[in-house]
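A.B. asks: could you work out the structure for the sequence below:
(chains A and B)
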Protein chains: 2
Amino acid sequence: MAAIPPPAKERLLRIMRILEKNGGRPLTSAEAEAITGWPRETIRKDISCLEAEALGTSSGYAPELLIPAIRKALGLDRRRLFCIVGLGRLGSAYLNFSGDAGAAGQAGLPGIAAWEEFQLAAGFDSNVNRIEILKSAVPLYPAYKIPEVVSRLSIELALLCVPVEAAQASAEKLAAAGIRGILNFTPLTLKLPPQAAVRNVSPVDELRALAVLPIK
Amino acid sequence: MAAIPPPAKERLLRIMRILEKNGGRPLTSAEAEAITGWPRETIRKDISCLEAEALGTSSGYAPELLIPAIRKALGLDRRRLFCIVGLGRLGSAYLNFSGDAGAAGQAGLPGIAAWEEFQLAAGFDSNVNRIEILKSAVPLYPAYKIPEVVSRLSIELALLCVPVEAAQASAEKLAAAGIRGILNFTPLTLKLPPQAAVRNVSPVDELRALAVLPIK
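C.D. replies: Next up is the predicted model:
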């Protein structure tokens, strides 16, 4: 299969998300255009990158066909392990987060099992008392064990929820242990070797976008 | 001033963010291109939309000139009030969040005061016990007071952190009270009148993007 260019990957992720939340109904390229603002020709071309068999009918793309096709093309068809570093309020909030899968179960929605792509494998905090007190379905470790545990379990991704003054050192420890990607919830700009990707999650950025951009 | 098209607004938000995190140093369009992947001509054209006076020198755009110019052009030069609805682990994590301003202060970084654009004005939860127990610098109210408080204080934005089964009803209450935008931390797709914008914040989407997209 030809390599899918990054902007097309980004659009396919969004289309997959829309399909997952569409209650099992098919989605036409015209509907996708109305939701995303992208021209339907672009959307059709992105989907044609998948080189899959017929993905729907005249009534639209079928979620049960297109979701697995996108997932496979983007390499999201295998489970990745992640960890949470920093178990204060924010980190511990994600510790017992059942994600979309659990939520979908509660709400009785079909086809949403996204969280299952990512499995929480461990939590870390420098405060040993906190580790002992917190309830968790996964093992919690003191922060100095990051190198050993991340490497032993082949944990690929991390949610970085430590205080800002500990952010760079924690990120470096993760990168040295072979982590592939970090969701950075701190406001610090992390400086890491290129093999460790960083994605910044900031409520300020989200509020700004909400205040400034038209959103559907 | 001519209206700035939404894609240019989105790029300007990103440029502003890069400048804020650049430690007070000027930024050239070539550097901005290397960080964002957008052609430098596009970046220059976006900045020319600002119709401001000279924003830098040959050594780059000056943060002390360009940040306020972007802020003004995008309407981010006035403070907006926001509230948090749902004060479980996630909601309460944001309750005492000092944001970038506090973090910048701690880390001694200059020029980052983004959180000041958004001022937390109130928190809401349906559980009255929880409201009484939580420590907070802002007043906390039972959820049934959302209409009265949001409208009286002219709160514009909300972080929606309630359990998924309460999400749609809470969002409708906020919209009816005149909220302009909701950051939806629940996995539910909210159905709201067009005057209330919604932006979905999902750790699953972020993890997917981190796993799939090249990120600098």
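A.B. asks: okay, CA-based contacts and neighbour counts for the rest of this
C.D. replies: Will do.
A.B. asks: surely A:Glu148 meets A:Ala177?
C.D. replies: Yes - the pair A:Glu148 / A:Ala177 is scored as a contact, 7.5 Å apart, by C-alpha atoms under 8 Å.
A.B. asks: report the distance from the helix or strand containing A:Arg208 to the chain centre.
C.D. replies: Using DSSP states H and E, A:Arg208 sits in helix A:203-212. In terms of C-alpha atoms, centre = their mean, to the nearest Å, the centre of helix A:203-212 is found 19 Å from the chain centre.
A.B. asks: and for stretch A:50-62?
C.D. replies: Distance of stretch A:50-62 from its chain centroid, counting by C-alpha atoms, centre = their mean, is 25 Å.
A.B. asks: any part of that stretch near chain B?
C.D. replies: No - remark: stretch A:50-62 sits outside contact range of chain B, by C-alpha under 8 Å from any C-alpha of the partner chain, the gap being at least 14.8 Å.
A.B. asks: and that stretch, end to end?
C.D. replies: In stretch A:50-62, first residue to last residue: 14 Å (C-alpha to C-alpha, to the nearest Å).
A.B. asks: how much space is there between A:Arg71 and chain B?
C.D. replies: Per C-alpha to the nearest C-alpha, to the nearest Å, A:Arg71 is found 10 Å from chain B.
A.B. asks: can I get the helix or strand hosting that residue as CSV, trimmed to CA atoms?
C.D. replies: In this structure, A:Arg71 sits in helix A:63-73 according to DSSP H and E. The C-alpha coordinates for helix A:63-73 follow below in CSV (Å, rounded to 0.1, in the frame of the first residue of the first chain):
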residue,chain,number,x,y,z
PRO,A,63,-19.0,2.0,9.7
GLU,A,64,-18.5,-1.8,10.1
LEU,A,65,-16.4,-1.7,7.0
LEU,A,66,-14.7,1.6,7.0
ILE,A,67,-13.7,1.8,10.7
PRO,A,68,-11.6,-1.5,10.6
ALA,A,69,-10.2,-0.4,7.2
ILE,A,70,-9.0,2.9,8.6
ARG,A,71,-7.8,1.3,11.8
LYS,A,72,-5.7,-1.2,9.8
ALA,A,73,-4.3,1.3,7.3
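A.B. asks: check which element follows the lowest-mean-pLDDT helix or strand in chain A along the chain.
C.D. replies: Ranked by mean pLDDT, DSSP states H and E, the weakest helix or strand in chain A is helix A:99-107, scoring a mean of 40. Using DSSP H and E, the helix or strand that follows helix A:99-107 in sequence is strand A:118-125.
A.B. asks: compute the inter-axis angle for that following strand and helix B:203-212.
C.D. replies: On the basis of axes from the mean of the first three to the mean of the last three C-alpha atoms, to 10 degrees, strand A:118-125 is oriented at 100 degrees to helix B:203-212.
A.B. asks: who does strand A:118-125 pair up with?
C.D. replies: Strand A:118-125 sits in its sheet next to strand A:80-85 (parallel), strand A:140-142 (parallel), going by DSSP bridges.
A.B. asks: and chain B, is whichever helix or strand comes after it touching that?
C.D. replies: As assigned by DSSP H and E, the chain's next helix or strand after strand A:118-125 is helix A:128-133. No - Helix A:128-133 is not in contact with chain B by C-alpha under 8 Å from any C-alpha; minimum separation 15.0 Å.
A.B. asks: contact partners of helix A:128-133?
C.D. replies: The contact list for helix A:128-133, computed with C-alpha atoms under 8 Å, 6 or more residues apart in numbering or on different chains, reads A:Leu87, A:Phe124, A:Asp125, A:Leu140, A:Tyr141, A:Pro142.
A.B. asks: mind checking pLDDT for the last one?
C.D. replies: At A:Pro142 the predicted local distance difference test score is 97.
A.B. asks: what are the bridge partners for it, then?
C.D. replies: Here A:Pro142 shows beta-bridge partners A:Asp125, assigned using DSSP bridges.
A.B. asks: any idea how far the closest residue to A:Asp77 other than its chain neighbours lies from A:Ile43?
C.D. replies: Of all residues not flanking A:Asp77 in the chain, A:Arg71 sits nearest, at 5.4 Å (C-alpha to C-alpha, 6 or more residues apart in numbering or on different chains). The gap separating A:Arg71 from A:Ile43 is 16 Å, by C-alpha to C-alpha.
A.B. asks: who has more neighbours out of these two?
C.D. replies: A:Ile43 (20 against 17; other C-alpha atoms under 10 Å in any protein chain shown).
A.B. asks: right, and the helix or strand after the helix or strand where the more buried one lies?
C.D. replies: Element membership for A:Ile43 (DSSP H and E) is helix A:40-48. As assigned by DSSP H and E, the chain's next helix or strand after helix A:40-48 is strand A:56-57.
A.B. asks: strand partners of that next one, parallel vs antiparallel please.
C.D. replies: Strand pairing (DSSP bridges) places strand A:56-57 next to strand A:60-61 (antiparallel).
A.B. asks: mean confidence (pLDDT) on the strand it pairs with, please.
C.D. replies: Strand A:60-61 comes out at a mean pLDDT of 90.
A.B. asks: over to stretch A:25-32?
C.D. replies: Stretch A:25-32 comes out at a mean pLDDT of 92.
A.B. asks: chain neighbours aside, what residue packs nearest to A:Ala30?
C.D. replies: A:Ala30's closest residue in space is A:Arg40 (C-alpha to C-alpha, 6+ apart), at 5.9 Å.
A.B. asks: burial measure for the one you found, as a count.
C.D. replies: 17.
A.B. asks: pretty sure it sits against A:Glu33.
C.D. replies: Yes - using C-alpha under 8 Å, A:Arg40 is in contact with A:Glu33, at 5.3 Å.
A.B. asks: which residues does the residue nearest to A:Ala30 contact?
C.D. replies: Going by C-alpha under 8 Å, 6+ apart, A:Arg40 touches A:Ser29, A:Ala30, A:Ala32, A:Glu33.
A.B. asks: test my guess that the first one contacts A:Thr42.
C.D. replies: Which is A:Ser29. No - the criterion here is C-alpha under 8 Å, and A:Ser29 misses it with A:Thr42 at 9.3 Å.
A.B. asks: more neighbours: which of those two?
C.D. replies: The residue with more neighbours, out of A:Ser29 and A:Thr42, is A:Ser29; 20 against 14, by other C-alpha under 10 Å.
A.B. asks: which non-adjacent residue is nearest that one?
C.D. replies: In space, A:Ser29 is closest to A:Arg40, 5.2 Å off (C-alpha to C-alpha, 6+ apart).
A.B. asks: now A:Arg14: which helix or strand?
C.D. replies: helix A:6-20.
A.B. asks: which strands and helices lie in contact with the next helix or strand after that helix?
C.D. replies: Per DSSP H and E, the first helix or strand lying C-terminal to helix A:6-20 is helix A:29-36. Applying 3 or more C-alpha pairs under 8 Å, 6 or more residues apart in numbering or on different chains; DSSP states H and E, one finds that helix A:29-36 contacts helix A:40-48.
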